[in-house]
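**Student:** structure here, sequence nowhere to be found:
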């Protein structure tokens, strides 16, 4: 369901030329269909007799004894591993075999492109099957989160409210009739209470779906509310500091968090974390620096950046969304890197795109966030001293990118540290985790010393001031900001953003002169049409010829603008420029076509209106001449007592004669003119001169 919602969101950002209202309607219709399907599934799971894996999981997750819940979780993990190990190993072998076959097919000097294409498809399918085969306790909690989102949706028979069923419990497994008002509310509150208890027990909870890159914000908000209530019932404080971590895959992010805070995030070679997880860590009152300000630390672990070897656009966008989200919800963010490079290019791209996306976001203050860089594998004791110059160069590069971002947004920001708290003293070098001396790898005490130094720095520099409830609100705000910046976060780097702005500027210049020419040409065509005294039949022919000229002229100007952009791309080579040249949703070609399509439509409407008014004028003049001709036949009557009549008397007589000679045909003409072109005739001389023919002084229509 989350994958469908993510796909729906992606479709909504597809093109600037798509009808926004239509897209929104389709988006809402898709969400409604997904949520209704989830509700139907929930009825089958929780209302029917018998057992179901999700129902059994809920019963076990809500056991009253904490030790029983812990043992159950361990047993479930072992049972899942035993039952899925064979199938996962088989799928892993399929991924390896298909990859080997693809490499062999690429080896010859003249490879078979058709065969390579088919093998590439097989590799993709094998990887998807392998990824989807993984099963863990996080998937059960993810299902409960999606269930809550469905029950909290507007299409639920009994929508949730803040005060419903505060004492909700679902451990008995009996939920009655889910169509009954309050049943969904009771079930949803029980899910949230169970998740809150999970956090208190010291386990991790997923807050960003690792497969769909989706944050169930309503679920997270409800869990934090339940968590706060549970802590208050236990007479515990709820002041928190939020610490997150970002870094490439296999750089030891989870290992570092486990060493710093004693948490239990999964660790292994390769990708072991999918999505974003939070874990609650109690801060002891005796902890120097922390204990007086915080009751808890929320530790946020993230999936490794660039973990997808294919480097697809969707995987890049997923990484950027995850990075921006983690940065937005944190008081302190650790950038984890391996080797001596001050910043890897990939991490820098994610960080700067995230900063660009969030810097103008409402209710997000990046200036309150501190950033720390950690480099692993630096065994030299004097590594920090030797790399000072490199750190200074890196800070200069970050400041340069910051100035570019600031200039594009008309902001007065010149240094990276003006956006987030970061400096050369925020960079730490860690020695190897394992000591291989003697041939047997053993944990190195040096790593522990480095971790202790970092932890002390985090304590000294901590400045969070929120609580559990405000953290839930921050998650909602951060996720909304990520959605609003979806286009920007689909780029690969801040360099690509700069290229996009350059292409946008070039497109505006390419459109500037041609659009001015088309507006001038339209005025000339309309003016030439009004100068001619045309009969109705001639007017139809003139309109056809004029529209043909308009079509040809607009097409020529559109082609001129496209040629200017072609010359721009010819003089600016490179993958970043090629992407926008070939982009069929927001590229300059699409924008130029859309602009001239709009200009052409507006011009056609102007011509149609002009011709309609000329047609009205022609028919009105014919009517006036016809009636006046009949009146003038009796011009001798304009004398009274051998004296010429006054203008008012002549006008009165003229009106009497017009009324007397008016036929049904002339009335039909005026009805058509007033009904069809009333908007165009309002305030014109035609309306002022002839409205009295149909309406009297009181505004009533004449008989």
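**Tutor:** Sure thing, it's come through. Since the structure is predicted, the reported quantities are computational estimates derived from the model, not experimental observations.
**Student:** what is the burial count for residue 126?
**Tutor:** For residue 126, the neighbour count with other CB atoms under 10 Å is 19. Glycine gets a C-beta too; all of them are placed from N, C-alpha and C.
**Student:** surely it is in contact with residue 90?
**Tutor:** No - assessed by CB atoms under 8 Å, residue 126 is found out of contact with residue 90, at 10.7 Å.
**Student:** tell me the SS of the closest residue to residue 199 other than its chain neighbours?
**Tutor:** Using CB to CB, 6 or more residues apart in numbering and skipping the chain neighbours, the partner closest in space to residue 199 is residue 280 (4.5 Å). Of the three states, residue 280 takes strand according to DSSP: H, G, I helix; E, B strand; the rest coil.
**Student:** distance of residue 280 from residue 106?
**Tutor:** Note on residue 280: its distance to residue 106, by CB to CB, to the nearest Å, is 49 Å.
**Student:** buried stuff in stretch 574-594?
**Tutor:** Buried residues in stretch 574-594, counted by 16 or more other CB atoms under 10 Å: 576, 577, 579, 580, 581, 583, 586, 587, 588, 589, 591, 592.
**Student:** read off the pLDDT value for residue 431.
**Tutor:** The model reports residue 431 with a pLDDT of 84.
**Student:** enumerate every residue touching it.
**Tutor:** 377, 378, 379, 444, 446, 447, 450 (CB atoms under 8 Å, 6 or more residues apart in numbering).
**Student:** again with residue 356
**Tutor:** Residue 356 neighbours (CB under 8 Å, 6+ apart): 405, 488, 494, 497.
**Student:** how about the strands of the stretch 201-350 of the chain, start to end?
**Tutor:** Taking DSSP state E, counting those that start in this stretch as the criterion, the stretch 201-350 of the chain carries its strands at 204-208, 239-247, 276-282, 296-302, 332-338.
**Student:** output the contacting helices and strands for the longest one.
**Tutor:** In this case it means strand 239-247. helix 253-261, strand 296-302, helix 313-328, strand 332-338, helix 345-358, strand 466-467, helix 468-484 (3 or more CB pairs under 8 Å, 6 or more residues apart in numbering; DSSP states H and E).
**Student:** number of residues surrounding residue 306?
**Tutor:** By other CB under 10 Å, the residues close to residue 306 number 17.
**Student:** quick one: residues contacting the residue nearest to it when sequence neighbours are not counted.
**Tutor:** Spatial nearest neighbour of residue 306, excluding adjacent residues (CB to CB, 6+ apart): residue 346 at 5.1 Å. Neighbouring residues of residue 346 by CB under 8 Å, 6+ apart: 248, 305, 306.
**Student:** hmm, back to that, any chance of the helices and strands packed on strand 239-247 in CSV, with distance to residue 521 too?
**Tutor:** Shown next, in CSV, are the helices and strands packed on strand 239-247 (distance: least, CB to CB, whole Å):
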stretch, distance to residue 521
helix 253-261, 61
strand 296-302, 56
helix 313-328, 41
strand 332-338, 56
helix 345-358, 40
strand 466-467, 60
helix 468-484, 39
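**Student:** pretty sure residue 72 contacts residue 58?
**Tutor:** No - at 11.9 Å, residue 72 does not count as touching residue 58 under the criterion of CB under 8 Å.
**Student:** between these two, which one's more packed in?
**Tutor:** Neighbour totals were compared for residue 72 and residue 58, and residue 58 leads with 24 against 16 (other CB under 10 Å).
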